[in-house]
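In: Just the structure for this:
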Amino acid sequence: MRNSAAALGSLFLLSALATLSAQEPAAVSAWSRFRGPNGAGSASPARLPVHLGDPELKLWRTELPAGHSSPVLSAEHVFLTAEENEKLFLYSLARTDGRVAWRREVARERRDLVDQRNHPASPTPAVDAQRIVVFFPDVGLLAFDHAGKELWKKPLGPFRNVYGMGASPILAGDLVLLACDQNQGSYLLAVDARSGETRWKAERPWARSGHCTPILWRTPQGEEQVLLPGSFELDAYELASGERRWWVQGLSFEMKSVPVMLGDTLYINGYGSPENDPGRMVERPEFSALDTNGDGVLARDEVKDPLLGEWHAFVDLDGSKTLDAAEWDYLGAALRSRNGLLAIACGGSGDRTPEAVKWTYHRSVPQLPSMLLGRSGLFVLHDQGGLVTVLDPFTGEMKQRARLEHAIDSYYASPVACDGLVVFASTSGLVSICRDALPLETRAVHDFEEPIYATPAIEGGVLYLRTEKALYAFRHREPAAVRSYQGRVVAQTMHWQGAGWLMRETREKEEAPELLLGQLGLREGLTVADLGCGNGFHSLRIARRIGASGRVLAVDLQPEMLRLLEVLAEKEKLENIRTIECESFDPHLPPRSCDLILMVDVYHELSHPEPVLRRVREALKPGGRLALVEFRTEDKDVPIKPEHKMSKAQCLLELEANGFRLASSYDELPWQHLLFFEPTR
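Out: Numbers count the residues shown, from 1 in each chain. Predicted coordinates for the structure are as follows:
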């Protein structure tokens, strides 16, 4: 049943998101950088494709060399980077058909070491109307025009980062910004977008490990600022000059995610190691106690503690294979930092710790995936196990914590959202499309059977998805309704204003509903979908039989019918019914969720029988059944219009053509067939 308080909170959040959108600078209005507009991962409302396994939804697939960079878009093209045979490339593909418009090799200067989970083509390009800017850590920053001509090149590096570099450039007016956090000599760089000349460079000696991509924020006074998380703290820089305006401490020593904004509040997550979880933190001995030979450095064999020994390479900032006192102090600071998620009030000057921290959260904090601010709250995707936590962005209160159904896997890519749907992509290639609502519910899961490390992009209702082997584009296409199917006329759906007829007293005699329900094998704990439930004639009865541990998914095309059902369920205090407003071509049932799907006097009215039956197959659990109830054409005495009746032969013809086989039937209902079907594929 609906929760009015939750609905009110969602309206408040939607209002706040709309206000934020109006405040964002025009330069970040398209999916032109990593995670789209200002790194938020949210696209402008447009109908998003859901069932990615449907061939008609795939616009195109273009094979590409491997790379971890995410797709970014101009009005006509998609851009991404790749590596093939140790050569580095920038690709431009047509958005219409995926054709490669051009590719440009970038001469590789060197081969910096990267973690096996990273890639030489990890940073995502940034795009504006004049140029595409790319960062290859083995080369530096480069800019190309939209025809593929190199405009300028700015050599950078070599870099020393324990994981390799991973931050992406962004464009802000006439500046290109790039965060270069590394073991030593970290900085935030701003270059002229037209020439590549350095405009300013802000040193960041405290930043040691991570690869966050910055976002932009405009102060109430109108000043544009660059917000960049790094080791231990969040920093704000004036965009025009690079002057450090304010900062907040309390972050993890390793920061990799992109922050997201709601109004003047920034949300950021950081994870260093299991030892940085509350309750697991360890102390390290004094430097002098371990430096037994007095040479002023600690070799690996001088650190006897196995746990601290594992940290040796991570805090060896200069690569000397020994640790000096400063590096040992860094280890101490790293061990004292906490994995966590922080909500930070932006603005002010100087050190804003701790008054700027609104709330913190320290449970199941992700290392790589960035958070997503959706309609239902703040989505936090853990790296392992498909675990999603939804938090109230205003208080930090946990609203839900659950695993993605049928997608328990590891995750590198960050979630993205559009028009009430959230997209999650796992490393093994499982892509989940979920409703942005509580409780979180999966609409569809598709296994691409190709690893995915890149974050998807969304623009104009098209979902761009990069796997290890290819770039895909998907668009929603509504199938055409049919007026006739397999030689019969499709009947008109009853209007909700005729709902009273569904509760008529004579229905008990005409249809024997209790006899029908007795044949369905109902028991406590089952999940049963009543497809075409109307105002709940059967849903209410089923809910009583399957008990509090069971669940009825009451599905109907007309919201008015569902409201009538909700009133009746509330009157009977039935809390195990969930109403679902469906579409004529999609019942919106979660995949592999139903033990039984019941259609009573409904199938003959389906204007999209094939898409609906496809979704029904996907919604059944292994061993699940479809129960079809239709008035008998064979019985001339059944006083129902011919188009609202079906013969058993016609039912078998249509269901077998759509991947079902007849498992059993029951012929003792007064006026109707009761046919049980099982999927064959």
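In: what are the ranges of the strands in the stretch 501-650 of the chain?
Out: Secondary structure of the stretch 501-650 of the chain by DSSP state E, counting those that start in this stretch: the strands cover 527-531, 551-556, 577-581, 594-600, 620-632, 645-646.
In: now do the stretch 51-200 of the chain
Out: Under DSSP E, counting those that start in this stretch, the stretch 51-200 of the chain gives strands at 58-63, 72-73, 77-84, 87-94, 100-106, 126-127, 132-136, 140-144, 150-155, 170-172, 175-180, 187-192, 198-203.
In: looking at those strands, which is buried most?
Out: Comparing those by mean neighbour count (mean count of other CB atoms under 10 Å), strand 132-136 comes out on top with a mean of 27. To be clear about C-beta, it is placed using only N, CA and C from the backbone, and glycine gets the same treatment.
In: Can you give the distance of that one from its chain's centre?
Out: Centre-to-centre, strand 132-136 and its host chain are 25 Å apart (CA atoms, centre = their mean, to the nearest Å).
In: that older thread, including mean pLDDT and distance to Y411, could the strands of the stretch 51-200 of the chain go into a markdown table?
Out: Converted to a markdown table, the strands of the stretch 51-200 of the chain look like this (pLDDT from 0 to 100; distance: least, CB to CB, whole Å):
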| stretch | mean pLDDT | distance to Y411 |
| --- | --- | --- |
| strand 58-63 | 98 | 22 |
| strand 72-73 | 96 | 21 |
| strand 77-84 | 97 | 20 |
| strand 87-94 | 98 | 25 |
| strand 100-106 | 98 | 29 |
| strand 126-127 | 98 | 24 |
| strand 132-136 | 98 | 24 |
| strand 140-144 | 98 | 29 |
| strand 150-155 | 98 | 33 |
| strand 170-172 | 97 | 23 |
| strand 175-180 | 98 | 23 |
| strand 187-192 | 98 | 28 |
| strand 198-203 | 98 | 32 |
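In: Among those strands, which comes closest to R615?
Out: strand 58-63 (17.3 Å; CB to CB).
In: Who are the packing partners of the closest one?
Out: strand 470-475 (3 or more CB pairs under 8 Å, 6 or more residues apart in numbering; DSSP states H and E).
In: OK, contacts around R403?
Out: G385, G386, L387, V388 (CB atoms under 8 Å, 6 or more residues apart in numbering).
In: give me phi/psi at the second one?
Out: Same thing as G386. Per-residue torsions, G386: phi 60, psi 30 (degrees, to the nearest 10).
In: what's the spacing between the closest residue to it other than its chain neighbours and A172?
Out: Distances taken as CB to CB, 6 or more residues apart in numbering put L404 closest to G386, at 3.8 Å, once the chain neighbours are dropped. According to CB to CB, to the nearest Å, L404 and A172 sit 34 Å apart.
In: Now for the closest residue to H644 other than its chain neighbours, how many residues are close by?
Out: Leaving aside its sequence neighbours, H644 sits nearest to A491 (CB to CB, 6+ apart; 5.1 Å). The tally of other residues near A491 (other CB atoms under 10 Å) stands at 19.
In: and the gap between A491 and E605?
Out: With distances taken as CB to CB, A491 is found 5 Å from E605.
In: joint contacts of the two?
Out: Going by CB under 8 Å, 6+ apart, residues that sit against A491 and also against E605 are H644.
In: Once you drop chain neighbours, what's closest to P439?
Out: Q400 (5.8 Å).
In: D586: neighbour count?
Out: 18.
In: hang on, the earlier thing: neighbours around the residue nearest to P439, how many?
Out: 14.
In: Which element is encountered next along the chain beyond the helix or strand hosting it?
Out: Element membership of Q400 [criterion: DSSP states H and E] is strand 398-403. Sequence-wise, the next helix or strand downstream of strand 398-403 (DSSP H and E) is strand 416-418.
In: what lines up beside that following strand in the sheet?
Out: Partner strands for strand 416-418, per DSSP bridges, with pairing direction: strand 42-43 (parallel), strand 421-425 (antiparallel).
In: related to what we said a few turns ago, just the ones of the contacts of R403 in helices?
Out: Residues of the contacts of R403 located in helices (DSSP state H): none.
In: Output those residues as TSV; include the columns distance to Q486, neighbour count and pLDDT.
Out: Output for the contacts of R403, formatted as TSV (distance: CB to CB, whole Å; neighbours: other CB atoms under 10 Å; pLDDT from 0 to 100):
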residue	distance to Q486	neighbour count	pLDDT
G385	45	14	97
G386	40	21	97
L387	45	17	98
V388	42	25	98
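In: Could I get those in a markdown table, plus columns for distance to L531?
Out: Formatted as a markdown table, the contacts of R403 follow (distance: CB to CB, whole Å):
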| residue | distance to L531 |
| --- | --- |
| G385 | 32 |
| G386 | 28 |
| L387 | 31 |
| V388 | 27 |
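In: Now flag whichever of these is closest to G348.
Out: V388 (32.9 Å).
In: what distance separates the start and the end of stretch 371-391?
Out: 10 Å (CA to CA, to the nearest Å).
In: and what of stretch 385-399?
Out: 19 Å.
In: what does stretch 31-49 give?
Out: 17 Å.
In: repeat for stretch 202-210
Out: 17 Å.
In: Tell me the buried residues in that stretch?
Out: The neighbour-count check on stretch 202-210 (16 or more other CB atoms under 10 Å) flags A202, R204, W206, A207, R208, S209, G210 as buried.
In: Find the nearest non-adjacent residue to the last one, please.
Out: Spatial nearest neighbour of G210, chain neighbours left out: M255 (4.0 Å); criterion: CB to CB, 6+ apart.
In: can you check the second one too?
Out: Taking CB to CB, 6+ apart, and ignoring the residues beside it in sequence, R204 has S186 as its nearest neighbour in space, at 4.1 Å.
In: what does the fifth one give?
Out: Across the structure, with CB to CB, 6+ apart as the measure, the residue nearest R208 apart from its sequence neighbours is S231 (4.6 Å).
In: That neighbour: neighbour count?
Out: What S231 shows, counting by other CB under 10 Å, is a neighbour count of 24.
In: That one and H211 touch, don't they?
Out: No. The pair S231 and H211 does not pass the contact test of CB atoms under 8 Å, sitting 11.2 Å apart.
In: what do those two both touch?
Out: Counting by CB under 8 Å, 6+ apart, the contacts common to S231 and H211 are D181.
In: hang on, P214 packs against L188?
Out: Yes. Counting by CB under 8 Å, P214 touches L188, with 7.2 Å between them.
In: so what sits against both of these two?
Out: Common neighbours of P214 and L188 (CB under 8 Å, 6+ apart) are L177, A179, V226, L228.
In: Let me know the closest of the residues you listed to A82.
Out: A179 (22.4 Å).
In: Tell me what that closest one is bridged to.
Out: Going by DSSP bridges, A179 forms beta bridges with L188.
In: how much space between it and L341?
Out: 20 Å.
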